[in-house]
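Colleague: pasting the structure only:
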C-alpha cells in the first residue's frame with residue numbers, strides 16, 4: 001500500500017466528502033479525525049464547524065460510563081441482580097419468556113451488554129399500536145417519560161430470550177440503567193451526566209435533550225432525519241433519554257473519548273470490560289459492555305488488515321471511534337437514519353487512508 005503525506009490525506013478527504021455532498025449522498029456531514037501519534041487533525045463540515053448534533057446511541061457509552069463510575073464510587077457490582085435496585089412490580093412483564101418470569105435472573109452486566117433478553121422499545125415490532133420509530137414522526141409533540149418507555153415494552157412487546165442466553169440490542173435495557181443511576185445517586189440522570197462527565201472533561205456544549213442545557217450558550221443543532229422525515233424539533237425525541245438523548249459536538253466528543261481513554265473517569269480495568277466485544281451484534285460489529293468493536297474484514301474480505309476500531313454508532317449515522325494502532329479518534333455525524341451504509345463507507349475510507357500516512 002503506497003504511503004501518503006498528511007497534506008495529501010487531507011486533500012483526498014476533502015474531495016471524498018465534497019463528492020458525497022454533490023451527489024446528495026448525505027444531507028449534512030460533520031467529521032473530525034485527530035491523532036497525536038500521527039500529528040494529524042482533519043475536520044470537515046457541510047456548513048458551520050463544530051455544530052451540536054444528536055449523538056443517538058453513542059449516548060450508551062455515557063450511560064455505561066456512569067455505571068462503571070458507580071461500581072468504583074458507590075459499591076455497585078456488575079453482577080448485582082437487577083432486583084436489588086427495583087421492585088418486582090417495576091420489572092413485571094419485562095422478562096417473561098414462555099410464561100416464566102426471569103426478572104430475578106437479570107444482572108446489571110446483562111443490561112449493559114444487551115444480554116438480558118428484554119425487548120427494545122425503539123426498534124422491535126409491537127403487538128398493538130404503532131412502533132416507536134413511527135410514533136416519533138406521527139406524534140411530534142409527545143413528551144416521552146422514562147417510565148412510559150418501560151411501559152411501552154411491558155405492554156406492547158415481549159422478551160426475546162432467557163437472560164444470559166441471547167444478545168438482543170435494547171434501548172429499554174438502557175432506560176432501566178438510567179433509572180438505576182437515579183436511584184443510586186439520588187440525582188436526575190442528566191445531573192449525573194453534567195457533574196460526573198461533561199463538567200470534568202470540559203464538554204461545555206453538551207447536554208441531555210429536553211432535560212438540561214449546555215454550559216456554553218445553547219446553539220441550534222444539526223438537522224435530524226429519521227426514516228426520511230425531518231424530526232429536528234420534535235419533542236418526541238425525548239424517547240431517547242439514557243439510551244441516546246445527548247446533544248454534543250465533534251470537539252466535545254473528542255474531549256470525552258480522550259478523557260475516557262486516559263482513565264479520567266474510572267480505571268483502565270473497567271475500560272477493558274467495556275471494550276471487550278464478546279457478542280456479535282451483526283456482521284462486522286461486536287458488542288462489549290456498552291461499546292462496539294468493528295471487524296472490517298467481515299464486511300468485505302479485502303478489508304482484512306484494517307484495525308479493529310472501538311467506540312459506538314447511533315441510528316442517525318453517528319460515529320465515535322478510536323483506532324488504537326494509530327492513536328486516532330474519529331467522530332462523524334451524517335444526521336440521518338438513511339445514511340448508515342454511506343457513513344460506514346466513510347469510516348472505511350478514513351481508516352484505510354490513515355494506514356498510509358507517513
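Modeller: Sure thing, it's come through. None of the values given here were measured: they were computed from a predicted structure. Residues are numbered from 1 along each chain as shown.
Colleague: where along the stretch 1-150 of the chain do the strands fall?
Modeller: Here the stretch 1-150 of the chain has its strands, by DSSP state E, counting those that start in this stretch, at 30-35, 40-45, 53-54, 96-97, 100-101.
Colleague: how many residues are close by residue 81?
Modeller: Around residue 81 there are 15 other residues, counting by other CB atoms under 10 Å. All C-beta atoms are positioned from the backbone trio N, CA, C, and that covers glycine.
Colleague: swap that for residue 322, sorry
Modeller: Under the neighbour criterion other CB under 10 Å, residue 322 is assigned a count of 20.
Colleague: which SS state does it fall under?
Modeller: Counting by DSSP: H, G, I helix; E, B strand; the rest coil, the backbone at residue 322 sits in strand.
Colleague: how much space between it and residue 76?
Modeller: Counting by CB to CB, to the nearest Å, the separation of residue 322 from residue 76 is 26 Å.
Colleague: helices of the stretch 201-350 of the chain, start to end?
Modeller: Under the criterion DSSP state H, counting those that start in this stretch, the stretch 201-350 of the chain contains helices at 250-262, 268-275, 340-354.
Colleague: in stretch 232-239, what counts as buried?
Modeller: 234-239 (16 or more other CB atoms under 10 Å).
Colleague: which ones are touching residue 283?
Modeller: Residue 283 sits next to 298-299 when contact means CB atoms under 8 Å, 6 or more residues apart in numbering.
Colleague: how about residue 154?
Modeller: Residue 154 makes contact with 92-94, according to CB under 8 Å, 6+ apart.
Colleague: let me know the closest of those to residue 294.
Modeller: residue 94 (30.4 Å; CB to CB).
Colleague: burial count for that closest one?
Modeller: By other CB under 10 Å, neighbour count at residue 94 equals 26.
Colleague: surely it is in contact with residue 149?
Modeller: No - using CB atoms under 8 Å as the test, residue 94 is too far from residue 149 to be in contact (11.5 Å).
Colleague: packing partners of the lengthiest helix in the chain?
Modeller: Longest helix in the chain, counting residues (DSSP state H): helix 6-22. In terms of contacts (3 or more CB pairs under 8 Å, 6 or more residues apart in numbering; DSSP states H and E), helix 6-22 is packed against strand 30-35, strand 40-45, helix 340-354.
Colleague: give me the residues contacting the helix or strand containing residue 191.
Modeller: Taking DSSP states H and E as the criterion, residue 191 maps to helix 189-193. Helix 189-193 has contacts (CB under 8 Å, 6+ apart) with 62, 66, 178-179, 181-182, 185, 206-208, 211-212, 241-242, 246.
Colleague: farthest pair within those residues?
Modeller: Maximum pairwise distance in the contacts of helix 189-193, criterion CB to CB, is 21.2 Å, between 179 and 206.
Colleague: looking at these two, which has the bigger crowd around it?
Modeller: Counted by other CB under 10 Å, residue 179 and residue 206 do not tie: residue 206 has more neighbours, with 28 against 20.
Colleague: contacting residues for the nearest residue to the more buried one once chain neighbours are set aside?
Modeller: Distances taken as CB to CB, 6 or more residues apart in numbering place residue 248 nearest to residue 206, at 4.2 Å, with adjacent residues excluded. Residues in contact with residue 248 (CB under 8 Å, 6+ apart) are 52-53, 55, 203, 205-206, 256.
Colleague: wait, which of those residues is closest to residue 222?
Modeller: Nearest to residue 222 among those is residue 53, at 4.0 Å by CB to CB.
Colleague: tell me what that closest one is bridged to.
Modeller: When assigned by DSSP bridges, residue 53 has beta-bridge partners residue 248.
Colleague: thought it was touching residue 222?
Modeller: Yes - counting by CB under 8 Å, residue 53 touches residue 222, with 4.0 Å between them.
Colleague: what sits in contact with each of those two?
Modeller: Shared contacts of residue 53 and residue 222 (CB under 8 Å, 6+ apart): 30, 333, 335.
Colleague: dump those into TSV; add neighbour count, pLDDT and distance to residue 194 as well.
Modeller: Shown next, in TSV, are the shared contacts of residue 53 and residue 222 (neighbours: other CB atoms under 10 Å; pLDDT from 0 to 100; distance: CB to CB, whole Å):
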residue	neighbour count	pLDDT	distance to residue 194
30	25	97	23
333	34	97	22
335	28	95	24
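Colleague: so which of the helices of the stretch 201-350 of the chain comes closest to residue 81?
Modeller: Nearest to residue 81 among the helices of the stretch 201-350 of the chain is helix 268-275; the distance by CB to CB comes to 18.4 Å.
Colleague: how far off centre is the closest one?
Modeller: 16 Å (CA atoms, centre = their mean, to the nearest Å).
Colleague: do stretch 48-62 as well
Modeller: 8 Å.
Colleague: try stretch 232-252
Modeller: Distance of stretch 232-252 from its chain centroid, counting by CA atoms, centre = their mean, is 10 Å.
Colleague: grab the most central residue of this structure for me.
Modeller: Centroid-nearest residue in the chain: residue 58, 1.8 Å away (criterion: CA atoms, centre = their mean).
Colleague: hmm, that one is touching residue 316, no?
Modeller: No - the criterion here is CB under 8 Å, and residue 58 misses it with residue 316 at 9.4 Å.
Colleague: common neighbours of the two, please.
Modeller: Listed as contacting both residue 58 and residue 316 by CB under 8 Å, 6+ apart is no residue at all.
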